[in-house]
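K.L.:
Predicted model and sequence follow; I will ask about them next.
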Amino acid sequence: MSSSSSSSSQMGELVADKHVRYILMSEKKESFESVVMDHLRMNGAYWGLTTLDLLDKLPSVSVDEVVSWLLTCQHESGGFAGNTGHDPHVLYTLSAVQILALFDKLDILDVAKVSSYIAGLQNEDGSFSGDMWGEVDTRFSYIAICSLSILKCLDKINVEKAVDYIVSCKNLDGGFGCTPGAESHAGQIFCCVGALAITGSLHHVDKDLLGWWLCERQVKSGGLNGRPEKLPDVCYSWWVLSSLIMIDRVHWINKAKLVKFILDCQDLENGGISDRPDDAVDIFHTYFGVAGLSLLEYPGVKAIDPAYALPVDVINRILLTK
Amino acid sequence: MHGRPRKVYKPEEEAASAAKAAKLRALQSQFMSYHHNKIYTKEAVDLSTKLLEINPEAYTAWNYRKLAVEDKLSRIESDPDLVKTILDEELSVVESALKQNFKSYGAWHHRKWVLSKGHSSIGNELRLLDKFQKLDTRNFHAWNYRRFVVELTNRSEQDELQYTDVMIGSDFSNYSAWHNRSVLLSSLLARKVDGFLPNKKIPDEYNLVHDAIFTDEDDQSGWFYHLWLLDQTVNVETPLLTSSWPSHGSCINLSAGCLNDSFSEPGSFPLIIYFNQAVGGVSSSTVTVDTELKGNEDLVWEPVSKKNSQVSCVWVARLKYMSSEPCFRKEYKVKVRIGDSPGIVSSRGCNFSAPYEFIFTAHVHDTLEESQGGIVSWTDGFDIWDAESKDLNSLVNLDQSNAQLDSKWRQEAIAEEIDLFRELPDSKIGKLTLARLLMAKAMISDAAVKGVHYNEILDLYKDLMVLDSSHYQYYKDEHSVALLRKVTSSTEDLSGRLFRYRNMNNSVCLRLNNLSLSRIASVEKLLFVQMLDLSHNELHSTEGLEAMQLLSCLNLSHNRIRSFSALDSLRHLNQLRVLNVSHNHIGEHSVDTTRYLCSSPLSNSECTRDEVGRQMPSLVTKYWDAYFVLRDLNLKQLDITGNAIAGDEFRSFVLQVVPKLVWIDGKKLES
């Protein structure tokens, strides 16, 4: 039985069919690792389904099955849980909204209810809590703005204050952290830049300063890390890359080298993508790898919207037509 | 999820994993039952402890524990000892969860929640932090928690600064410590705390960060801190005026507005003021315009920026002049005073303090030569413009007259850094920093030295394009910026590129074609330009051009424009009538890098409500960016040939969106 192959670099090809099979099979897994992630199945579903759509294979799943399970995760408050029985949280509410957008089934939602749940989590200073227990993080600002924009209910929150709070998390290196004063981190930067993009507020970003910080995430191997002196990881191919694209500075990195890094992280035999070459694969990194390749215009992958993290045709359909 | 090696599991391993999984499932299911039935007995709560020990990411269990604590607290008689026991138990559960996974958001937040109930000593918390920060000096959860504890206890910024000293002292390669240092120091400097004046502190910090930069040339930990120090040295907080049009001491020609001049609004011209940073509060109360040329109406000042924004570097007002009487050659003096009354404030909260005045003369002529109203050519009908113009000189020497680096400490700091970085062996960060330092120096040097600096800067960027080829395009962009600075800093260089277009009232035309420019810069010096030739370059966006309010003709042919969204800045150019974007890459790419830099429904800053939007929704969706950009322009002449998008469908769509178009791709349209 052969182990992972490191001859991947020679071929430099996206084994799309293998990744599709990996995603479809992952449902059946009953390993310890998958049970431990049970509580974030809503996120996992979003990662898997979006990847399938980017590879034009969304019809491989049963819409009805997904949607009926999804609805069991909804709470009276209007928010969604990570899986049946768990508590609601905005993290899973966004994924639920995104999944329904993919299937063009947003109409099954009681939009007023869901949007009230989200809007109700905005605090006095414009920040957002993740749930009733009050954790504040700019990730939740992004989630609120992204989901409400998809639901066309952005006016339910105080957008100006939301933007002000995000700007208060801007650091001297041009990046953003999770709360004011927190260190810049590519994941948080994606959330803040995405939120500013969706609210037409990118003028608050110093694009040259942030652009330089972001392009210096590319290390010698061609991969991207999330902050200085850390290891490269495929998920940063999304967070750093989408941020660079939203501020029009993506030409500051070497795209070819990044493509090669992502392709080297594939498990060519069993499908799936890992954080680094020869590490264990998972749905999370499979999604970010394929999404990254989409942003790099890799052939055979549909275009993805850098702010909403959904295929461009889905977002254009929702936001550009009345 | 991260850092686990890829392996194929043997059947025994898979079986063991499945057994563990089954156990966890049973645990979870029992927990859910307690949670949904609101059971908070010791047995139930202990089960949640077990669950969180195995899986600190089970967020519902942390919620459950909070409910259990609240339930317990409601039953006891606020006996402080009992309360302490209950909360201590929570802190210990958090600590063992963190041992499992010290990046668990749920665990850290639970601790904060417990502390918000007013419990635990600061000593305890700092000791816990010490432990985790030693395990991983970059753990941002720990640093965030540290900030939380500091705020709760009012620890001084000076003490926390001292802590970063310790962290950096033991290992300079700690970006998190440098970041924290920058936050604390900038606050101490802003508050002008004793012992924290920039003229002493900043030079000290340069010394501190040098070790971090020079010890390992690839370690980035100190790079961004050093860049921040440079920014503190070079950029003054207070907003200043950079340039204006018309400029001080200049002379402009106006026509007594009854002409059928399709290239400008009859009877008015724009007054443009350009600040060194984004400001708000520019209005007729903070900017006074004194002249017989206009009536008593107040001018309306508008920021050249996105719709949501009330701040901008560039502000414009239209001065409408009286043109009803027959006038021979009449001369009017116009005096503009900025900042007499307070109100102009930068987006960072600093007031524009020193009032500034500029005076120019306007000559009103009865009629100027009639513009021929024909198609505009970029090749024929041009004369060289004279180089002795006073206008040109005053513009070119703007940097000096606005010299911000008058403080001795700033000049010394830059000079010392330049000397230091010149001595470094060839390294990427060495060359890049030297280039940035020389840019700062060039801005304050006189004409003779300036040229030398710019040449050295251009060479440094060319070296960097080879030395660090992954970031080639970054250095290319910086090279373009330096090149434009150079061209616009020399009267000789600039005047060699200026022409007059006979067929359009001798409009001023600037030719910057064939310069391998990948980016636009120095626009503050080019406000007087009416025709701009940027053809045969490598531009992919018109970012920066929005300030050129006099621009009526723009040539962008043979560049690398990929979409109409990249032309969003042109929507601010009210006088633009001629646009050439032929032979670009519009329609070739699936990824649009200016999608969110263009006002549209995608960024919740526009809507499609109009005739075209109603009649052809699918084309509006397909060509959304062309639709939004073109409908805001009043173009008479457009060239789009040589782009993948420019087929018959698109061409006819354009004619719907721009009904006043007269020429497309060189052909005159039937009216």
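P.N.:
That came through, no problem.
K.L.:
interface residues of the stretch 51-200 of chain A facing chain B?
P.N.:
A:81-82, A:85-87, A:89, A:131, A:133-135, A:137, A:149, A:154, A:171-173, A:177-179, A:181-185, A:197-200 (Cβ under 8 Å from any Cβ of the partner chain). In this view, the C-beta of every residue, glycine as well, is placed from N, C-alpha and C.
K.L.:
Buried among the residues you listed? Make that a PyMOL selection.
P.N.:
Restricted to buried positions by 16 or more other Cβ atoms under 10 Å in any protein chain shown, the PyMOL selection for these reads:
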select buried, chain A and resi 81+82+85+86+87+89+131+133+135+137+149+154+171+172+173+177+178+179+181+182+183+184+185+197+198+199+200
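K.L.:
So which of the residues of the stretch 51-200 of chain A next to chain B belong to helices?
P.N.:
Taking DSSP state H, the ones among those that sit in helices are A:149, A:197-198.
K.L.:
Dump those residues to JSON lines, plus pLDDT and distance to residue A:302.
P.N.:
Listed next are those as JSON lines, based on pLDDT from 0 to 100; distance: Cβ to Cβ, whole Å:
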{"residue": "A:149", "pLDDT": "97", "distance to residue A:302": "21"}
{"residue": "A:197", "pLDDT": "98", "distance to residue A:302": "20"}
{"residue": "A:198", "pLDDT": "97", "distance to residue A:302": "20"}
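K.L.:
which residues are contacting the helix or strand harbouring residue B:474?
P.N.:
When elements are assigned from DSSP states H and E, residue B:474 belongs to helix B:472-487. Outside helix B:472-487, the residues that touch it by Cβ atoms under 8 Å, 6 or more residues apart in numbering or on different chains are A:211-212, A:215, A:251-252, A:254, B:435, B:439, B:442, B:450-451, B:454-455, B:457-458, B:461-462, B:464-465, B:468, B:493-494, B:497, B:512, B:515-522, B:538.
K.L.:
same thing with stretch B:64-78?
P.N.:
Residues outside stretch B:64-78 that contact it (Cβ under 8 Å, 6+ apart): A:133, B:31, B:34-35, B:38, B:40, B:44-45, B:48, B:52, B:82-83, B:86-87, B:90, B:93, B:110, B:113-114.
K.L.:
Burial check on the residue nearest to residue A:231 when sequence neighbours are not counted, number of neighbours?
P.N.:
Distances taken as Cβ to Cβ, 6 or more residues apart in numbering or on different chains place residue A:225 nearest to residue A:231, at 6.0 Å, with adjacent residues excluded. Residues lying near residue A:225 (other Cβ atoms under 10 Å in any protein chain shown) number 18.
K.L.:
Over to the one 5 residues further on?
P.N.:
Residue A:230 has 15 neighbouring residues, counting by other Cβ under 10 Å.
K.L.:
now swap in residue A:233 and tell me
P.N.:
24.
K.L.:
Which pLDDT value belongs to it?
P.N.:
Listed pLDDT for residue A:233 reads 96.
K.L.:
So it lies in a helix, does it not?
P.N.:
No - applying DSSP: H, G, I helix; E, B strand; the rest coil, one finds residue A:233 to be coil, outside a helix.
K.L.:
now it, nearest residue through space, not along the chain?
P.N.:
Leaving aside its chain neighbours, residue A:233 sits nearest to residue A:275 (4.6 Å; criterion: Cβ to Cβ, 6+ apart).
K.L.:
Report whether stretch B:219-234 contacts chain A.
P.N.:
Yes - shown here: stretch B:219-234 in contact with chain A (Cβ under 8 Å from any Cβ) through B:219-221, B:223-224, B:227-228.
K.L.:
quick check, nearest of the ones in helices among the residues of the stretch 51-200 of chain A next to chain B to chain B?
P.N.:
Taking Cβ to the nearest Cβ as the measure, chain B lies nearest residue A:197 of these, at 3.8 Å.
K.L.:
and the closest one, what does it touch?
P.N.:
Taking Cβ under 8 Å, 6+ apart, we find residue A:197 in contact with A:246, A:306-307, B:596, B:603.
K.L.:
mind running it again at 6 Å?
P.N.:
When contacts are counted by Cβ atoms under 6 Å, 6 or more residues apart in numbering or on different chains, residue A:197 touches A:246, A:307, B:596, B:603.
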